[in-house]
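Trainee: Got a predicted structure plus its sequence, pasted below:
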Amino acid sequence: MASSRVSIGLLLPLQRNFIVDALAAKISVFEGVNFVGRDNITMPDKRVSRKHISLHGSSDGVVELVVEGPNPVIFKSGNQRRKLSSQEKLFIDDGDILELIPGNHFFKYVKARGEHASSSGRDLVFSDKAQKQADKDALVCDRNHQLLQDEALARKLQNLEDNRLLEVSPPVFPKSWSSCPTSDAVRVSSNSMEAIHQFDVSKDCLSLVFRLMRVQGLRKWANECTVAINDVIEGNILVAILSNYMVDIDWLKMACPKLWQIPHVLIVHGESGNRVDHLQKKKPVNWVLHKPSLPISYGTHHSKAMLLVYETGVRIIVHSANLIHVDWNNKTQGLWMQDFPYKNVKNLSESSFFERDLIDYINTLKWPGLNVNLPKLGDVNINASFFKKFDYSSASVRLIASVPGYHSGPNLKKWGHMKMRTVLEECEFDKEFSKSPLVYQFSSLGSLDERWMSEFGASMSAGISHDNFPLGSGKPVIIWPTVEDVRCSLEGYAAGSAIPSPQKNVEKEFLKKYWSKWKADHLGRCRAMPHIKSYTRHSGQNLAWFLLTSANLSKAAWGALQKNNSQLMIRSYELGVLFLPSVMKGNLSQFSCTGNGDMKQMSTKNGKTKLVTLCWNGEPDSSSEIIIRLPVPYQLPAQPYSPEDVPWSWDRLYAKKDIHGEVWP
């Protein structure tokens with residue numbers, strides 16, 4: 001029989017304001033050696049080692065802490081604050097606070113009372129039921145307080161702009177704003193308003209474009225034609241499949257109660273550790289959770305999509321936001337969706353590029369089949385084959401996905417940047433795009449080298465002009481927020497936690513020639529930090545193509561060629577939609593699952609289809625040319641960094657206070 005261990009205390013997880021986070025699991029501390037690390041935190045963070053710290057407990061409840069991981073730990077006791085590096089030690093006692101990463105992952109050590117000490121290995125009981133309820137009440141109060149703070153910030157920004165427009169006396173800005181560059185949070189230009197007003201898209205044409213998500217605190221004009229989660233999860237949904245990396249079920253229930261009315265819900269997620277336990281505990285009984293396998297280390301399930309099944313068809317949604325509050329309220333995000341009807345009897349065996357790509361991708365997820373009863377179909381299994389029942393012939397985009405594995409042979413060109421290369425090689429473009437610039441915009445930067453940048457650039461530069469010559473390599477630019485952008489953003493430095501790239505990745509010498517500014521005045525989003533990921537090739541305001549995706553700029557997301565270019569190694573799941581004039585050309589059938597179910601034919605009169613930004617002010621070349629305006633969230637051509645600009649990295653110290661009076665970390 002194994003000997004029991006004596007519990008001597010707990011590590012209580014704290015929120016940033018040091019209030020106990022009752023939604024996160026407590027960590028029991030036993031006599032002897034205890035390890036705390038990545039599996040004990042609620043937010044995925046690769047800076048935290050699997051054995052980040054060790055706690056050596058004694059019978060009197062005093063614990064010696066040893067930093068095992070390579071990153072520093074912060075210790076707080078009363079007014080004392082000390083930074084501990086790898087292998088440094090000290091003793092912690094009742095009430096001391098630890099930060100596993102400076103400014104992140106807070107824990108408070110609480111000693112057990114003698115009468116409550118346990119030798120059973122179960123969590124200690126530190127208080128009676130009344131105290132537990134008080135802790136829960138405090139948590140609810142704190143969550144409500146945070147929401148009120150968000151709303152207060154939104155109102156403050158709104159009022160500042162209202163005052164500006166009414167030309168009343170100048171608004172009084174917080175002192176911390178005085179050194180922030182003037183931008184759309186406090187300025188509205190007529191050119192900006194004209195740009196966004198160009199994006200007045202009829203419902204019949206919405207599937208041809210993507211839309212930005214609504215952001216708190218922006219002027220009304222900046223949120224025109226934007227979407228919130230309830231704008232897409234609507235109507236009489238029979239089955240919902242939500243694919244994402246992070247899922248906050250508490251926020252989701254508040255933000256989209258509609259989900260709790262859907263008979264069958266499958267969550268395909270990338271969560272781990274305590275967050276999975278919380279999901280499992282809080283989910284309704286009719287929800288199924290599934291985490292796809294990750295055969296290669298350091299991979300993630302990062303795809304962000306929704307498949308909503310209706311009685312009349314299916315809605316496909318591809319977007320860039322985690323299912324959490326800040327992603328759907330505070331950041332620049334993008335979303336594309338299109339509805340597709342069931343196939344009729346005559347075309348059951350027909351397929352399209354979109355269908356084949358979708359089915360191939362779903363097959364890799366290996367989710368558990370959902371047995372459901374649907375009107376007109378009876379008992380069906382919601383698996384990959386089920387999605388062959390829909391007619392995707394009107395799809396206005398191509399799917400570009402990544403799945404983990406070592407891909408060779410016929411699969412070499414099926415995923416990642418090689419899929420992008422293959423699709424572009426099949427397309428013809430106007431000659432103006434020969435050697436035109438490439439734009440890479442994302443929110444996390446991997447550990448890159450110049451060889452891989454050339455490999456990736458070759459894929460993004462693929463395609464031929466109408467005279468049958470290759471377009472040639474385009475010069476890449478990387479649009480990335482500076483430290484000042486983050487400091488002066490709606491969230492202040494806190495926005496930097498969702499731009500999680502370390503110095504060692506960001507400050508490589510060869511990257512300096514690529515850095516370009518995040519400028520979004522034309523959409524009122526300079527202060528809404530980008531979580532959207534997008535890639536494009538352009539000539540002025542004309543776009544050869546545009547990709548909205550979950551994929552950041554990394555080998556893990558896009559893949560890296562190996563074995564003399566015969567194998568592509570990918571670590572993560574990603575999903576994106578590629579807008580191409582050639583895909584949109586022809587007769588377009590538009591259908592709505594939430595409308596009357598009729599098919600609408602939109603004829604392009606066999607004319608040319610052209611993609612442009614909202615800042616394009618040209619005229620169609622002919623009466624038959626179709627102009628598709630996309631709300632590209634940054635200004636083109638991209639503006640290079642000035643010598644004073646510093647690219648944001650999240651593991652540096654920033655002493656200059658942000659918009660909320662905070663430093664980082």
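Mentor: Great, that's in hand.

Trainee: how about low-confidence regions in this protein?
Mentor: The chain contains residues with pLDDT under 70 at 1-4, 113-198, 200-204, 585-589, 596-606.

Trainee: residues contacting the residue positioned nearest the centre of it?
Mentor: Centroid-nearest residue in the chain: residue 321, 3.9 Å away (criterion: C-alpha atoms, centre = their mean). Contact analysis of residue 321 by C-beta atoms under 8 Å, 6 or more residues apart in numbering lists 213, 304, 327-328, 331, 333, 335, 531. Glycine gets a C-beta too; all of them are placed from N, C-alpha and C.

Trainee: same thing but at 7 Å, please
Mentor: Shown in contact with residue 321 (C-beta atoms under 7 Å, 6 or more residues apart in numbering): 213, 304, 327-328, 333, 531.

Trainee: same deal with residue 383?
Mentor: With contact set as C-beta under 7 Å, 6+ apart, residue 383 has these partners: residue 369.

Trainee: Next, it: phi, psi?
Mentor: With angles defined as degrees, to the nearest 10, residue 383 sits at phi -120, psi -170.

Trainee: Looking at the contacts of residue 321, spot the one nearest residue 558.
Mentor: residue 304 (16.1 Å; C-beta to C-beta).

Trainee: Can you read off the backbone torsions of the closest one?
Mentor: The phi/psi pair for residue 304 (degrees, to the nearest 10) is phi -130, psi 110.

Trainee: Isn't it up against residue 319?
Mentor: Yes - using C-beta atoms under 7 Å, residue 304 is in contact with residue 319, at 5.2 Å.

Trainee: Counting by contacts, list what the helix or strand encompassing residue 358 packs against.
Mentor: For residue 358, the enclosing helix or strand under DSSP states H and E is helix 353-365. Judged by 3 or more C-beta pairs under 7 Å, 6 or more residues apart in numbering; DSSP states H and E, helix 353-365 is in contact with strand 398-402.

Trainee: Name the surrounding residues that touch the strand it packs on.
Mentor: Contact with strand 398-402 is made by 353-354, 357-358, 361, 415-416, 419-420, 423, 547, 549, 551, 557-559, 570, 572-578, 580, 583, as judged by C-beta under 7 Å, 6+ apart.

Trainee: Would you map the helices across the chain?
Mentor: 129-165, 190-197, 229-232, 249-255, 274-282, 325-329, 353-365, 416-425, 450-460, 483-487, 503-506, 555-558, 581-584 (DSSP state H).

Trainee: Please identify the nearest residue in space to residue 576, excluding sequence neighbours.
Mentor: residue 549 (2.6 Å; C-beta to C-beta, 6 or more residues apart in numbering).

Trainee: List the contacts of residue 59.
Mentor: Taking C-beta under 7 Å, 6+ apart as the test, what residue 59 contacts is 8, 31.

Trainee: ugh, wrong one, I meant residue 237
Mentor: 262, 308-310.

Trainee: Can I get these in CSV including distance to residue 53 and neighbour count?
Mentor: Converted to CSV, these look like this (distance: C-beta to C-beta, whole Å; neighbours: other C-beta atoms under 10 Å):
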residue, distance to residue 53, neighbour count
262, 42, 18
308, 44, 24
309, 46, 25
310, 50, 21
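
Trainee: Looking at those, which is nearest residue 256?
Mentor: Looking across those and measuring by C-beta to C-beta, the closest to residue 256 is residue 262, at 10.1 Å.

Trainee: Can you select the buried ones from the contacts of strand 398-402 in ChimeraX?
Mentor: Buried subset of these, written as a ChimeraX selection, criterion 16 or more other C-beta atoms under 10 Å:
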select :353,354,357,358,361,415,416,419,420,423,547,549,551,557,558,559,570,572,573,574,575,576,577,578,580,583
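
Trainee: got a list of what residue 269 touches?
Mentor: Counting by C-beta under 7 Å, 6+ apart, residue 269 has contacts 244, 247, 289, 291, 301.

Trainee: partner residues bridging residue 578?
Mentor: Beta bridges link residue 578 to residue 398, residue 547, judged by DSSP bridges.

Trainee: What are the boundaries of the strands in the stretch 201-350 of the chain?
Mentor: 211-212, 239-243, 264-268, 287-290, 305-309, 313-319, 334-341 (DSSP state E, counting those that start in this stretch).

Trainee: Same list, those, but as a markdown table with distance to residue 347 please.
Mentor: Formatted as a markdown table, these follow (distance: least, C-beta to C-beta, whole Å):
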| stretch | distance to residue 347 |
| --- | --- |
| strand 211-212 | 30 |
| strand 239-243 | 23 |
| strand 264-268 | 27 |
| strand 287-290 | 31 |
| strand 305-309 | 19 |
| strand 313-319 | 14 |
| strand 334-341 | 11 |
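
Trainee: closest one to residue 631 among these?
Mentor: strand 211-212 (5.5 Å).

Trainee: circling back to that earlier point, which of the contacts of residue 321 tops the neighbour count?
Mentor: Each of those was scored for neighbours by other C-beta atoms under 10 Å, and residue 333 scores highest at 29 neighbours.

Trainee: can you list contacts of stretch 87-98?
Mentor: 61-67, 73, 75-77, 84, 106-111.

Trainee: Now, of the residues you listed, which are buried?
Mentor: Buried among these (16+ other C-beta under 10 Å): 61-63, 65-67, 73, 75-77, 84, 106-111.

Trainee: Excluding chain neighbours, give the residue nearest to residue 435 in space.
Mentor: residue 472 (4.4 Å).

Trainee: give the contact list for that neighbour.
Mentor: 434-435, 461.

Trainee: looking at those residues, which has the most residues close by?
Mentor: residue 461 (21 neighbours).

Trainee: Hmm, residue 475 and that one touching each other?
Mentor: No - under the criterion of C-beta under 7 Å, residue 461 is not in contact with residue 475, lying 9.6 Å apart.

Trainee: Overlap in contacts, the two.
Mentor: With C-beta under 7 Å, 6+ apart as the test, residue 461 and residue 475 both reach residue 438.

Trainee: Backbone torsions only: list them for residue 302.
Mentor: phi -110, psi -10.

Trainee: can you count the residues close to the residue nearest to residue 347 when sequence neighbours are not counted?
Mentor: Of all residues beyond its chain neighbours, the one nearest residue 347 is residue 391 (6.5 Å), with distances taken as C-beta to C-beta, 6+ apart. Residues contacting residue 391 under the criterion other C-beta under 10 Å number 22.

Trainee: who's in contact with residue 391?
Mentor: Taking C-beta under 7 Å, 6+ apart as the test, what residue 391 contacts is 340-343, 347.

Trainee: Quick one: neighbours of residue 15, just the number.
Mentor: 16.

Trainee: Distance-wise, check residue 305 relative to residue 339.
Mentor: 14 Å (C-beta to C-beta, to the nearest Å).

Trainee: what does residue 498 give?
Mentor: 30 Å.

Trainee: Same drill for these two, tell me which one is more crowded.
Mentor: Just comparing residue 498 and residue 339: by other C-beta under 10 Å the higher neighbour count belongs to residue 339, 24 against 20.

Trainee: Just confirm the more buried one contacts residue 592, I think it does.
Mentor: Yes - taking contacts as C-beta under 7 Å, residue 339 lies within contact range of residue 592: 5.3 Å.

Trainee: Show me what the nearest residue to residue 390 once chain neighbours are set aside is bridged to.
Mentor: Spatial nearest neighbour of residue 390, chain neighbours left out: residue 340 (4.5 Å); criterion: C-beta to C-beta, 6+ apart. On the basis of DSSP bridges, residue 340 takes part in beta bridges with residue 314.
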